[in-house]
Every structure is written in structure tokens, then in C-alpha cells.
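> mind looking at a prediction? Sequence and model below.
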Amino acid sequence: MKINDIRKLSTSDLTDQSTKLRDEIFDLKHQLRLGQLTNVKIIKLKRKELARMLTVLSEQLLKETK
């Protein structure tokens, strides 16, 4: 997901998406441990996407509190 698309989401959508991404990363790490995951790069990409979402979420929360 691009940063512009992430910025268009509301705070509730961002929290939902970040929760889903955390679960997905957990499942990918589990698959990696079991040897079922062939493309390890997916974990890195998902973690970057999660970091983008959390950054935008914190920016939005700061704007709401001002």
C-alpha cells in the first residue's frame, strides 16, 4: 500500500489494518519456522508497510489532540 493511500484512511481503519498486518506477520513468521515459506522477503515488506501505517496513525492522532 502506498503512503498516499494510507494517508487517506481514517484512524479506525488504520488501527484495523495494522492489527491485520500484525497477525499476518505473525503467521508468516510461523510459516518460516515450519519451513513452509519460500519467499522470506514478504516479511520485510509487511513490516515496512506496518511501520508506514503506524507512522501515519501517530501523525493523525497528534493532529486530533491539538
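Thanks, I have it. Remember, it's a predicted structure, so these values are computed and weren't measured experimentally.

> hmm, who's touching whichever strand or helix holds residue 52?
Using DSSP states H and E, residue 52 sits within helix 41-65. Here helix 41-65 makes contact (C-beta atoms under 8 Å, 6 or more residues apart in numbering) with 1, 3, 6-7, 9, 11, 14-15, 17-18, 21-22, 24-25, 28-29, 32, 37. C-beta: built from backbone N, CA, C; applies to glycine.

> which among those end up buried?
Taking 16 or more other C-beta atoms under 10 Å as the criterion, what is buried in these is 6, 9, 14, 17, 18, 21, 25, 28.

> contacts for the helix or strand containing the fourth one?
Following DSSP H and E, one finds residue 17 within helix 11-34. In this structure, residues lying in contact with helix 11-34 by C-beta under 8 Å, 6+ apart are 6, 9, 37, 40, 42-43, 46-47, 49-50, 53-54, 56-57, 60-61, 64.

> are any of the residues you listed buried, and if so which?
By neighbour count, with 16+ other C-beta under 10 Å, the contacts of helix 11-34 hold 6, 9, 43, 46, 49, 50, 53, 54, 56, 57 as buried.

> now, the most widely separated pair of the residues you listed?
The largest separation in the buried ones among the contacts of helix 11-34, counting by C-beta to C-beta, is between 9 and 43 at 22.6 Å.
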